[in-house]
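[1] my questions concern the predicted model and sequence given below.
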Amino acid sequence: MGREQWKKIWVGSAGNMVEWFDWFVYASFAVYFADAFFPKGNDTANLMNTMGIFAVGFFMRPVGGWLLGRVGDRRGRKAALTLTVTLMSASAILIAVAPTYAVAGYGGIAVLLVARMLQGLSVGGEYAASATYLTEASAPERRGFASSFQYVSMTAGQLLGLALQIILQRSMSEQALHSWAWRIPFIVGALGAGIVFYLRRNMLETDVYAEDDTRTDPDRGTMKALWAHKREAFLVIALTMGGTVAYYTYTTYLTKYLSGTAGLSKPTASLVSFCALFLFMCLQPLAGRLSDRIGRRPLLITFALGSTFLTVPIMTLLQHAGSFWPALGLSLLALVVVTGYTSINACVKAELFPTGIRALGVALPYAIANALFGGTAEYVALWFKNGGIESGYYWYVSGCAAVSLVVYLTMRETRTIDLHRVGKETGDGTGERVLAS
């Protein structure tokens, strides 16, 4: 890769990292501020209410996917990426200053809800904009490798959030964390977003977008244009279903599961998550590069098979892990399986659509799938737990993976697709569809 391509990947990834830091710290610090916004009572119920607001952010993602996907296709990837980080900065500031229930009653919940809606809008567009940008900015034979940095940056954001949590847990009392210190990561996120805003103002547009010959098309980036590629849109929803549930299970929910179910202390649970996620992050470029050599489908199928048949035993064993090393080993095994999806899902989705509808085509279906499955994963898990049948959630994750497995087995390979020719008549069929006939 040339220096210019590395620069594009770095700027796109840096913004993605801050976006996902802000998104993740809400989930990871929820155990400390859940009681601050609701009346004192059932701790699990308060955490469920807080996670319900977390899920609201996911339900705003389709709106953000539509709005920012349209901006990305009509005004450029740079414009969409700059707007997403602006929205994320605003949401982080709102959460940092939100009044508690003791100060403003349910007014604090209203502020929290607005902030989560802004985060949902932002992340709904960020995923597609960064996936499209990273895929288009790379050489054709390295698209898998380049796009894998989306989950490198996403995971780096989570690691920073976890690292800050571990530092605060070891330097402050439990009372301070519940009282006011939970606001610190949101202040940090707002400052980081300001830095990335400056970087993105000066970023370079991708050549694929700049050279596209349909830039004057009035239907570019519209629902009408997306409907012309509805089969690909439904494919994105289906192939995302299993991956997003598994990903959120072993990332944002893992710390709560280890402390609330496996019986590990909160600091130990956070350390397990940190170590597992760090190794997981390092695997992404390796798996992405492997997909450039052998194709996307083998990795996707491996993920789906592993998640379908290993989720129940892994989660069951985790429940009885008892200490750091067994918990780390099982968590890492789960994340190695998930790598088959995370390392390449960005480029697979971007490779399905032509340039004029690529950002919206990735954004809206992906956001819908996340609203239905990813955003509700923690809430569903807590619902099963509250009902005394926590093992039911393990089967739910396996079932979602099984549905995606069917899709992976029936879709065509996308590795050799020419991004300039996707959806166009080429005579040899290589630029048209990537669905099985």
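    Looks like it came in fine.
[2] CA only for contacts and neighbour counts going forward, please
    Noted.
[3] shouldn't residue 370 be in contact with residue 244?
    Yes: the criterion here is C-alpha atoms under 8 Å, and residue 370 meets it with residue 244 at 6.6 Å.
[4] all helices for the stretch 251-400 of the chain, in order.
    254-260, 266-294, 297-319, 324-342, 345-350, 358-369, 377-386, 391-410 (DSSP state H, counting those that start in this stretch).
[5] most packed of those?
    helix 358-369 (a mean of 30; mean count of other C-alpha atoms under 10 Å).
[6] still on that earlier bit, next, format the helices of the stretch 251-400 of the chain as TSV and append distance to residue 154.
    Shown next, in TSV, are those (distance: least, C-alpha to C-alpha, whole Å):
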stretch	distance to residue 154
helix 254-260	16
helix 266-294	9
helix 297-319	19
helix 324-342	10
helix 345-350	12
helix 358-369	16
helix 377-386	18
helix 391-410	21
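[7] how about the ones you listed, which one is nearest residue 221?
    Checking the helices of the stretch 251-400 of the chain against residue 221 by C-alpha to C-alpha gives helix 358-369 as the closest, at 6.2 Å.
[8] tell me which other helices or strands the closest one touches.
    Using 3 or more C-alpha pairs under 8 Å, 6 or more residues apart in numbering; DSSP states H and E as the contact definition, the elements that helix 358-369 packs against are helix 43-59, helix 61-74, helix 107-136, helix 230-249, helix 345-350.
[9] among those helices, which is nearest residue 276?
    Closest among the helices and strands packed on helix 358-369, using C-alpha to C-alpha: helix 230-249, at 12.7 Å.
[10] torsion angles phi and psi at residue 29?
    Residue 29 adopts backbone torsions of phi -100, psi 0, taken as degrees, to the nearest 10.
[11] among the helices of the stretch 251-400 of the chain, which is nearest residue 147?
    The nearest among the helices of the stretch 251-400 of the chain, by C-alpha to C-alpha, is helix 345-350 at 5.8 Å.
[12] quick revisit: got the helices and strands packed on helix 358-369 as a markdown table, with mean pLDDT columns?
    Shown next, in a markdown table, are those (pLDDT from 0 to 100):
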| stretch | mean pLDDT |
| --- | --- |
| helix 43-59 | 71 |
| helix 61-74 | 93 |
| helix 107-136 | 88 |
| helix 230-249 | 95 |
| helix 345-350 | 95 |
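[13] let's have those in CSV, adding distance to residue 183.
    Converted to CSV, these look like this (distance: least, C-alpha to C-alpha, whole Å):
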stretch, distance to residue 183
helix 43-59, 15
helix 61-74, 24
helix 107-136, 12
helix 230-249, 23
helix 345-350, 32
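[14] so for residue 86, which of these sits nearest?
    Among the helices and strands packed on helix 358-369, the nearest to residue 86 by C-alpha to C-alpha is helix 107-136 (8.1 Å).
[15] quick check: angle from that closest one to helix 358-369?
    Here the directions of helix 107-136 and helix 358-369 differ by 140 degrees (axes from the mean of the first three to the mean of the last three C-alpha atoms, to 10 degrees).
[16] in helix 107-136, what's buried?
    Buried residues in helix 107-136, counted by 16 or more other C-alpha atoms under 10 Å: 108-136.
[17] how big is the angle separating that helix from helix 61-74?
    40 degrees.
[18] low pLDDT regions in this protein?
    By pLDDT under 70, the weakly predicted segments of the chain are 1, 40-48, 51, 54, 423-437.
[19] run a quick check on residue 135 versus residue 347, I expect a contact.
    Yes: in terms of C-alpha under 8 Å, residue 135 counts as a neighbour of residue 347; the distance is 5.6 Å.
[20] hey, what's in contact with both of the two?
    Common contact partners of residue 135 and residue 347 (C-alpha atoms under 8 Å, 6 or more residues apart in numbering): 143, 144, 147.
[21] just these now: which is nearest residue 65?
    Out of the shared contacts of residue 135 and residue 347, the member with the shortest distance to residue 65 (by C-alpha to C-alpha) is residue 147, at 18.6 Å.
[22] what number of residues lie near the closest one?
    33 (other C-alpha atoms under 10 Å).
[23] kindly report the same for residue 226.
    There are 22 residues near residue 226, going by other C-alpha under 10 Å.
[24] and it, what does it touch?
    233, 357, 360, 361.
[25] name all residues that make contact with the first one.
    Right, residue 233. Residue 233 neighbours (C-alpha under 8 Å, 6+ apart): 226, 361, 362, 365.
[26] as TSV, those residues with distance to residue 311 would be great.
    Below are the contacts of residue 233 laid out as TSV (distance: C-alpha to C-alpha, whole Å):
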residue	distance to residue 311
226	35
361	30
362	27
365	25
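[27] any idea which of the residues you listed is closest to residue 340?
    residue 362 (18.8 Å).
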